[in-house]
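>>> Need coordinates for the below:
(2 chains)
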Amino acid sequence: MELNDIIKEENLVLKKSRLLTDNVMHYCPGCTHGVVHKLIAEVIEELGIQEETIGVSPVGCSVFAYNYIDIDWAEAAHGRAPALATAISRLHPEKYVFTYQGDGDLASIGCAEIMHACNRGENIVVVFINNAIYGMTGGQMAPTTLLGQVTSTTPYGRDAKLNGFPMKITELLAQLDGTCYVTRQSADTPAAVRKTKNALKKAFQNTRLKKGLSFVEVVGTCNSGWKMSPVDANKWMRDNMFKKYPLGDIKDV
Amino acid sequence: MAEVKLMKGNEVIAETAIRCGCDGYFGYPITPQSEVMETLMLRKPWEETGMVVLQAESELAAINMVYGGASCGKKVMTSSSSPGVSLKQEGITYIAGAELPCLVVDVMRGGPGLGTIQPSQSDYFQATKGGGHGDYHLIVLAPASVQEMSDFVVLGFELAFKYRNPAMVLADGVIGQMMEKVVLPDYTPRRTDEEIEKQCGDWALTGKKNRERHIITSLELEAHRQEVFNEKLQRKYREIEANEVRYEMLNCEDADYVFVAYGSTARICQKSIQLAREQGIKVGLLRPITLYPFPTKPIADLCSKVKGFMSVEMSAGQMVEDVRLAVEGRTQVEFYGRMGGVVPTPEEIVEALKNKFSI
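Numbering: from 1, shown residues only, chains lettered A, B, ... in the order given. Down below sits the predicted model:
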């Protein structure tokens, strides 16, 4: 059998979502963002809601998310994506509105905006990528940086006395009555990727059912910021991040 | 038939917003403009016109909600007072950078810092020179009456959409709090989705359907491309400067001296003119209605006819800089102001005029 005999439509086991653009991703090899982008594109495509979905991208590594998923996008100021999404959703109640935010954007500078969007129960989806570091600005400490973790602004490791503690923002948000679904997932194995995709799909379906705010955290790697190989980064994440940020549903009402 | 009412300036902002087909208001309480949101909440326009009204968790959130709403081509607004408007500057520069229409109402109070809650005009620089980071301008309208609070909500939205640029109604605590007779505009229905599509279809976020995706952003990493964008913005501002200058002249025909004043100070100057003329001093008033674009040419044209200008402001002297730029040394320019929330009296303005020009 020749190679060309195998390359046929019926033998296709995986294809790129038509919602993923052909733009070359700027993410580092090994980064979690690319995988989650792909999942969001697939979920929007599978739910058939491309024409009704509006994304809000953050400031941080995923600032250019709008280059990769073929839907309408607004690019927010740092931390303010939930405020934009609030207005877009309220002015377009029939639309699917989601924000895509990192840990610095969501848990630090945008803490008030996410807290109150959750508390108001805005009918939106929030995708939160937690890689415990500011990637785009060169690897500074984030609210979710682990104790002892070395970053460019915690060169001797995060010290609770100096820098406070890693913030479990997702657990905090689950306390608020406006959130209907709060979950923490990862994307480091094929099984985890499938779970994350299911969580994202459920979140968008909640919007359809007007259930309130669905919050999907994905614990991810920043191998460049962590100064590790992608393989080592995944191992470090499993050994350290998952202990502080255990995976699974936190709230589902 | 037009409806005539006795209303507070702040209430009129809210009432006119509902009547002119505004899609959304996002605010945060601050004195002396809290009546704007209070009036809206009492009126419940979501039941009447479908207008969204939301009390945000902060001024920052409120202006970023406006950013989100404006991204959709919706007619959205916020209001605040000086300290709150400082917080809004982040969102305002993003909105200007993304070239979106919206309306921001600033009912100024005394500063700096938490300052006072009394009327002031000390945010002229912030309003007219940009306010946030980057080279941009707002279209700034300065109401001098409760009627103009109504008129400029309508005009502000009109100009904001015409130029895809944020517009600001820059009032002061006097105009916000005082009650006057106002002729309210007739109801204009909110635009339908089709009308928004027609007006904003080439850029607004309406859902990607049978077209390329729309991206609202102010980000451009490539410096040369960002310069090209800045040049485009500057061309827009030149166009605004050429087409949208608005001002009013009072008693300038025979005037030896001309007050330049806006907002409530312009109203006080009208009385000062009367007092001065009773003393045989021929004074007129040039009232800028648009603070940006500033009425530079009308002031320049008066230079050869008058002995001098006096800018009267509730500030340490901000607009006077633009008067001097217009005059370019051709005649005497003086300034009189009160600060910190103190409102000048007509008499002290006349005295200041006499002192400064040795009359």
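>>> Now the host helix or strand of B:Val333: buried residues?
B:Val333 belongs to strand B:332-337 when elements are defined using DSSP states H and E. Neighbour counts using 16 or more other Cβ atoms under 10 Å in any protein chain shown place B:Val333, B:Glu334, B:Phe335, B:Tyr336, B:Gly337 of strand B:332-337 among the buried residues. Any C-beta I mention is one placed from the backbone N, CA and C, and that applies to glycine too.
>>> same check, this time on stretch A:228-236
Across stretch A:228-236, burial judged by 16+ other Cβ under 10 Å covers A:Met228, A:Pro230, A:Ala233, A:Asn234, A:Trp236.
>>> those helices in the chain, which residues are they?
Reading this off chain A. For chain A, the helices defined by DSSP state H occupy A:3-6, A:33-47, A:81-91, A:103, A:111-120, A:160-163, A:169-174, A:190-208, A:223-226, A:230-236, A:242-244.
>>> that's the wrong chain, I wanted chain B
Assigned helices in chain B, in chain order: B:9-19, B:35-43, B:45-48, B:59-71, B:82-97, B:124-128, B:146-163, B:173-177, B:193-200, B:223-243, B:263-278, B:296-302, B:319-327, B:346-356 (criterion: DSSP H).
>>> out of those helices, which comes closest to B:Gly308?
Set against B:Gly308 and scored by Cβ to Cβ, those come closest in helix B:346-356, at 8.1 Å.
>>> one step back: go through the helices of chain B and name the closest to chain A.
Closest of the helices of chain B to chain A is helix B:59-71, at 3.2 Å (criterion: Cβ to the nearest Cβ).
>>> Just checking the distance from the closest one to the centre of its chain.
18 Å (Cα atoms, centre = their mean, to the nearest Å).
>>> What residue in the stretch 1-150 of chain A comes nearest to chain B?
Nearest residue of the stretch 1-150 of chain A to chain B: A:Leu84, at 3.2 Å (Cβ to the nearest Cβ).
>>> measure that residue to B:Glu57 for me?
Note on A:Leu84: its distance to B:Glu57, by Cβ to Cβ, to the nearest Å, is 14 Å.
>>> B:Glu47 too?
Taking Cβ to Cβ, one finds B:Glu47 at 24 Å from B:Glu57.
>>> who has more neighbours, those two?
Per other Cβ atoms under 10 Å in any protein chain shown, whichever of B:Glu47 and B:Glu57 has more neighbours is B:Glu57, with 19 against 8.
>>> dump the residue contacts of the more buried one.
A:Ala112, A:Glu113, A:Met115, A:His116, B:Tyr28 (Cβ atoms under 8 Å, 6 or more residues apart in numbering or on different chains).
>>> Now do the most centrally placed residue in chain B, the pLDDT please.
By Cα atoms, centre = their mean, chain B has its centre lying nearest to B:Val169, at 2.6 Å. Looking at B:Val169, its pLDDT reads 98.
>>> residues touching it, list them.
B:Val169 is in contact with B:Ile13, B:Leu103, B:Val104, B:Val105, B:Asp106, B:Leu141, B:Ala142, B:Pro143, B:Met149, B:Phe152, B:Val153, B:Gly156, counting by Cβ under 8 Å, 6+ apart.
>>> got any ranges where the stretch 51-200 of chain A has weak pLDDT?
By pLDDT under 70, the stretch 51-200 of chain A has no low-scoring segment.
>>> So which residues on it come close to chain B?
Within reach of chain B by Cβ under 8 Å from any Cβ of the partner chain, the stretch 51-200 of chain A has these residues: A:51-54, A:56, A:63, A:66, A:70-77, A:80, A:83-88, A:90-92, A:95, A:112-113, A:115-116.
>>> could the buried residues of stretch A:228-236 be laid out in CSV, adding distance to B:Glu347 and pLDDT?
What follows is the buried residues of stretch A:228-236, written out as CSV (distance: Cβ to Cβ, whole Å; pLDDT from 0 to 100):
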residue, distance to B:Glu347, pLDDT
A:Met228, 75, 96
A:Pro230, 77, 96
A:Ala233, 75, 97
A:Asn234, 78, 97
A:Trp236, 76, 98
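>>> just to revisit the earlier point, the strand holding B:Val333 packs against which elements?
Judged by 3 or more Cβ pairs under 8 Å, 6 or more residues apart in numbering or on different chains; DSSP states H and E, strand B:332-337 is in contact with strand B:308-313, helix B:319-327, helix B:346-356.
>>> got the CA positions of the second one in CSV?
Extracted in CSV, the C-alpha atoms of helix B:319-327 (Å, rounded to 0.1, in the frame of the first residue of the first chain):
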residue,chain,number,x,y,z
MET,B,319,-8.8,77.2,28.9
VAL,B,320,-6.8,80.5,29.0
GLU,B,321,-3.9,78.6,27.4
ASP,B,322,-6.1,77.9,24.3
VAL,B,323,-7.2,81.5,24.3
ARG,B,324,-3.5,82.6,24.3
LEU,B,325,-2.8,80.1,21.5
ALA,B,326,-5.6,81.6,19.5
VAL,B,327,-4.5,85.2,20.2
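>>> List the buried residues for it?
So helix B:319-327, judged by 16+ other Cβ under 10 Å, has buried residues B:Met319, B:Val320, B:Glu321, B:Asp322, B:Val323, B:Arg324, B:Ala326, B:Val327.
>>> coming back round to it: could you export the helices of chain B as CSV, including distance to chain A?
Putting these into CSV (distance: least, Cβ to the nearest Cβ, whole Å) gives the following:
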stretch, distance to chain A
helix B:9-19, 14
helix B:35-43, 14
helix B:45-48, 10
helix B:59-71, 3
helix B:82-97, 5
helix B:124-128, 18
helix B:146-163, 15
helix B:173-177, 24
helix B:193-200, 9
helix B:223-243, 14
helix B:263-278, 30
helix B:296-302, 33
helix B:319-327, 30
helix B:346-356, 42
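>>> Need the winner for burial among these.
helix B:59-71 (a mean of 31; mean count of other Cβ atoms under 10 Å in any protein chain shown).
>>> Report the angle between it and helix B:146-163.
Calculated by axes from the mean of the first three to the mean of the last three Cα atoms, to 10 degrees, helix B:59-71 forms an angle of 50 degrees with helix B:146-163.
>>> and helix B:59-71, what does it pack onto?
Packing partners of helix B:59-71 (3+ Cβ pairs under 8 Å, 6+ apart): strand A:72-75, helix A:81-91, helix A:111-120, strand B:24-27, strand B:76-80, helix B:82-97, strand B:102-108.
>>> mind redoing it with 6 Å?
With contacts taken as 3 or more Cβ pairs under 6 Å, 6 or more residues apart in numbering or on different chains; DSSP states H and E, helix B:59-71 sits against helix A:81-91, strand B:24-27, strand B:76-80, helix B:82-97.
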